[in-house]
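[1] here is a sequence together with a model predicted from it:
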Amino acid sequence: KTLAPSEEECNNIFDDWDGDKTGHLSLAELESGMCRRFPDMDYKSAIFLAYRASDKTMNGLVDRVEFRNFLRYARYYSNLWIVFSEMALIDDDGDEVLSKAEFVDVTLKTKLFSIVMFDEMDTSNEGVVRYRQFCDWMAANKPAWGSDEEEVNDLLNDLDVTLETTRETLEYFATHKREIKIAEAAKHMPAPSESICMSIFDDWDGDKTGNISFAELISGVQRHYPEQNQILAIFEAYRAADLNSSGYIEREEFMKFIRYVMYYNVIWRVFARVGLVSEDGDKVISRKEFIQATRRTQFFSE
């Protein structure tokens, strides 16, 4: 559905790019033409995917009939490339990969993605997502997204926000896959009444989708419960309350989330008192610190 020049203009562009007048364009001719005519879409990876998608006859060339679709696809894949390159670290050697830590950072900034989507995109189980995998997933799961320039710009503005997240926090998210065990005490933490919880849910669910992303949970806790604003505690509560593993907290899960965020913040405060929070943000308890804690309280033992 991405806009393309008129049919007449497409034919004129095709004739200009088809320098040897063979009636079809090679990948090299498409890359050269895009560089000259559409420098804002001159991304080789995006051009290749557009070329591959528009070559319906699979003869390795784009003919006049296929050319208008090529221009549509080039705009679409260029939009996805711009978004992907904003999310991912493009290595010095040109590798186009998105790490899980980078993806988690993205989920803090926009509701378009949730943490569970990373594993869906990582079809090769490499622990990273490549541009082509990202495009394939977007086409299959968000087929209507990517053609609206305003929509793309809004997302880019969201991604441009700098969050105060530590290196240790992102690495924690990226590697945290152990079985979820919910303490009985967490289920009985005090929480607002159901009607108040539903009012809070409606307030935090700004786009009225009926579910709340991790980014929205962080924002909501910061506004309503600033004393509970410990990101690792919020993450544990989010993970424990997401019973259907959708990557979102739904209305029926929300009251559990509120209870759990209270519980995990209590645990965090105990942990922070026992352990040493180092200058680089690492949050660890050494054996020496733990032994010292056992001497101060009978709650722990060596």
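    Arrived safely, thanks for sending.

[2] local confidence estimate at the residue nearest to residue 151 when sequence neighbours are not counted?
    Excluding the flanking residues, the one nearest residue 151 by C-beta to C-beta, 6 or more residues apart in numbering is residue 145, at 6.8 Å. Any C-beta I mention is one placed from the backbone N, CA and C, and that applies to glycine too. pLDDT, residue 145: 87.

[3] mind checking how far residue 145 is from residue 28?
    Remark: distance between residue 145 and residue 28 (C-beta to C-beta, to the nearest Å) = 30 Å.

[4] which of these two has more neighbours?
    residue 145 (17 against 8; other C-beta atoms under 10 Å).

[5] pretty sure that one is touching residue 138, no?
    Yes - counting by C-beta atoms under 8 Å, residue 138 is a contact partner of residue 145 at 6.6 Å.

[6] residue 247: neighbouring residues, count only.
    Using other C-beta under 10 Å, residue 247 has 18 other residues around it.

[7] what about it, is that helix, strand or coil?
    Using DSSP: H, G, I helix; E, B strand; the rest coil, the structure places residue 247 in coil.

[8] from residue 238, how far off is it?
    Distance, residue 247 to residue 238, by C-beta to C-beta: 9 Å.

[9] same question, residue 68
    With C-beta to C-beta as the criterion, residue 68 and residue 238 are 45 Å apart.

[10] neighbour-wise, which of those two wins?
    residue 238 (24 against 19).

[11] the more buried one belongs to a helix, doesn't it?
    Yes - counting by three-state DSSP, residue 238 is part of a helix.

[12] does it touch residue 214 like I think?
    Yes - the criterion here is C-beta under 8 Å, and residue 238 meets it with residue 214 at 5.5 Å.

[13] number of nearby residues for residue 69?
    Applying other C-beta under 10 Å, we find 18 other residues in the vicinity of residue 69.

[14] same check, this time on residue 74
    By other C-beta under 10 Å, the residues close to residue 74 number 26.

[15] next one: the one 3 residues further on
    The criterion is other C-beta under 10 Å. On that basis, residue 77 has 29 neighbouring residues.

[16] does it touch residue 44 like I think?
    No - counting by C-beta under 8 Å, residue 77 does not reach residue 44; the two are 10.7 Å apart.

[17] so how far is residue 136 from residue 122?
    Distance from residue 122 to residue 136, by C-beta to C-beta: 11 Å.

[18] looking at those two, which one has more neighbours?
    residue 122 (19 against 14).

[19] what's the closest non-adjacent residue to the more buried one?
    Closest to residue 122 by C-beta to C-beta, 6+ apart is residue 129, at 5.4 Å.

[20] list the contacts for that neighbour?
    Shown in contact with residue 129 (C-beta atoms under 8 Å, 6 or more residues apart in numbering): 88, 97, 98, 103, 118, 121, 122.

[21] how about 7 Å then?
    Counting by C-beta atoms under 7 Å, 6 or more residues apart in numbering, residue 129 touches 97, 98, 103, 118, 121, 122.

[22] now, the most widely separated pair of those?
    Maximum pairwise distance among these (C-beta to C-beta): 12.1 Å, between 97 and 118.

[23] okay, the two: which has more neighbours?
    Using other C-beta under 10 Å as the criterion, residue 97 and residue 118 rank with residue 118 on top: 24 against 18.
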